[in-house]
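Undergrad: Show me the folded form of this:
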Amino acid sequence: MARRYDSRTTIFSPEGRLYQVEYAMEAISMAGTVIGITGTDGIVIAAERKVTSKLLEQSSSTEKVYVLDDNTICGVAGITSDANILINFLRQRAQQYLFTYGEEIPTEQLVQKLCDLKQGYTQYGGMRPFGVSLIYAGYDKNYGLQLYHSDPSGNYSGWKATCIGANNAGAQSILKQDYKEDMTLQDAIGLTVKILSKTLDNANLTGEKLEFATIRVVNDKVVQKIYTVSEIDELMKEFKDAQEAESK
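TA: Sure, this is the predicted structure:
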């Protein structure tokens with residue numbers, strides 16, 4: 001029955017469903033895990049980079065975590081080529097706002113602009129939805145630190161902590177159990193490492209398979225940090241050492 005209604009994004013099924021949008025979301029559920037956690041003094045975004053072959057050249061450029069402007073970073077899960085289009089769109093809109101008004105674009109306004117684009121791709125014929133979900137971490141003077149998630153339908157929502165991609169259910173379960181609103185950025189990083197270690201293959205988890213980024217405010221100035229492979233390896237080592245100490 002579903003095959004009669006899923007040939008175009010603009011056709012509703014009798015149950016009121018848009019199957020092509022649901023298929024786009026299904027593509028994200030098989031993508032690498034992306035986690036975002038808010039602390040009292042900053043936000044961490046971490047992503048799983050899927051290494052398909054040992055022969056693959058590990059470039060210095062990131063594949064899953066991107067800087068959008070001086071106040072906003074994001075992590076992506078889904079089809080990488082689709083993500084590149086959306087990242088370029090976000091960066092252009094951020095620069096246009098900066099050029100026009102002389103200040104960084106508010107985080108939610110930037111998210112809204114992208115969601116308007118994504119929603120249009122579910123409404124017009126001859127198009128398909130973008131197979132990408134994004135987690136955004138940003139700061140603006142009106143609302144402070146903010147964490148948002150958007151999906152292929154063009155819907156977005158604000159979160160204290162969230163996860164998208166593969167192993168989503170397990171990660172959400174740990175977040176519900178261990179997340180605390182008064183945790184610091186350092187605590188949030190520790191919880192992120194714990195989730196990745198428990199939901200992914202811990203034995204083979206290295207800095208080459210992960211990406212980390214943080215955003216925090218120091219003396220009223222936004223500070224972004226993209227972690228290097230060696231810094232991520234150090235985080236993983238600290239977590240393993242702490243686990244071994246607890247087990248003794």
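
Undergrad: how about the strands of the chain, start to end?
TA: 34-38, 42-48, 65-69, 72-78, 132-140, 144-150, 156-158, 161-164, 210-218, 221-226 (DSSP state E).

Undergrad: Show me where the protein dips below the pLDDT cut-off.
TA: 1-9, 52-54, 56-62, 202-203, 248 (pLDDT under 70).

Undergrad: longest single helix anywhere in it?
TA: Selection of the longest helix in the chain by residue count, based on DSSP state H, yields helix 80-101.

Undergrad: about what we covered before: in CSV: the strands of the chain, plus distance to Asp241.
TA: Every C-beta, even on glycine, is put in place using the N, C-alpha and C of the backbone. Output for these, formatted as CSV (distance: least, C-beta to C-beta, whole Å):
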stretch, distance to Asp241
strand 34-38, 21
strand 42-48, 19
strand 65-69, 25
strand 72-78, 26
strand 132-140, 28
strand 144-150, 29
strand 156-158, 35
strand 161-164, 25
strand 210-218, 18
strand 221-226, 22
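
Undergrad: neighbours of the residue nearest to Ala161 when sequence neighbours are not counted, just the number please.
TA: Ranked by C-beta to C-beta, 6 or more residues apart in numbering and with sequence neighbours excluded, the top spatial neighbour of Ala161 is Ile37, at 4.4 Å. By other C-beta atoms under 10 Å, 29 other residues sit near Ile37.

Undergrad: beta partners for Ile37?
TA: Val44, Ala161 (DSSP bridges).

Undergrad: Relative to Asn204, how far out is it?
TA: 23 Å (C-beta to C-beta, to the nearest Å).

Undergrad: again with Thr122
TA: Taking C-beta to C-beta, one finds Thr122 at 38 Å from Asn204.

Undergrad: and those two? which has more neighbours close in?
TA: Looking at Thr122 and Asn204 with other C-beta under 10 Å, you find the greater number of neighbours at Thr122, namely 19 against 8.

Undergrad: Help me confirm that the more buried one comes into contact with Gly154.
TA: Yes: here Thr122 reaches Gly154: they are 6.5 Å apart, a contact under C-beta atoms under 8 Å.

Undergrad: tell me which residues in stretch 201-217 are buried?
TA: Leu205, Gly207, Lys209, Leu210, Glu211, Phe212, Ala213, Thr214, Ile215, Arg216 (16 or more other C-beta atoms under 10 Å).

Undergrad: tell me the contacts of the closest residue to Val229 other than its chain neighbours?
TA: Sequence neighbours aside, Gly207 is the residue nearest to Val229 in space, at 3.7 Å (criterion: C-beta to C-beta, 6+ apart). Applying C-beta atoms under 8 Å, 6 or more residues apart in numbering, we find Gly207 in contact with Tyr227, Thr228, Val229, Ser230, Glu231, Ile232, Asp233, Met236.

Undergrad: Just the buried residues from those residues, in PyMOL please.
TA: Typed into PyMOL, the next command selects the buried ones out of these (criterion: 16+ other C-beta under 10 Å):
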select buried, resi 227+229+232+233+236
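
Undergrad: All good on my end, thank you.
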